[in-house]
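S.K.: sequence isn't available, so here's the structure alone:
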């Protein structure tokens, strides 16, 4: 069974029912992970606020023009 890298809580992930790109969350700490591999199961932490930061940079560039 896979455990959460943040809090070590067991993650209830059925590898037969998930695909690469799916996002799962830890019930204990709320951390979100993207599934980047299914054989073997590999997780990558979803960083919060990335899309918002990219939008901020675009706005700054537009103001300079």
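M.R.: Alright, I've got the coordinates. Predicted, not measured: the structure shown is a model, and the values here were computed from it.
S.K.: give the buried residues for stretch 8-24.
M.R.: 11, 13, 24 (16 or more other Cβ atoms under 10 Å). From N, CA and C alone the C-beta is placed, and that goes for glycine too.
S.K.: helix, strand or coil for the last one?
M.R.: What it means is residue 24. Secondary structure, DSSP: H, G, I helix; E, B strand; the rest coil: residue 24 is strand.
S.K.: that one contacts residue 18, doesn't it?
M.R.: Yes: Residue 24 is in contact with residue 18 according to Cβ atoms under 8 Å; the separation is 7.2 Å.
S.K.: anything in contact with each of these two?
M.R.: residue 35 (Cβ atoms under 8 Å, 6 or more residues apart in numbering).
S.K.: about what we covered before: between the buried residues of stretch 8-24, which sits nearest residue 40?
M.R.: Relative to residue 40, the closest of those is residue 13; by Cβ to Cβ it sits at 11.8 Å.
S.K.: out of the helices and strands in the protein, which is least certain?
M.R.: Sorting the helices and strands of the chain by mean pLDDT, DSSP states H and E puts helix 50-64 at the bottom, at a mean of 52.
S.K.: no further queries at this time; thank you.
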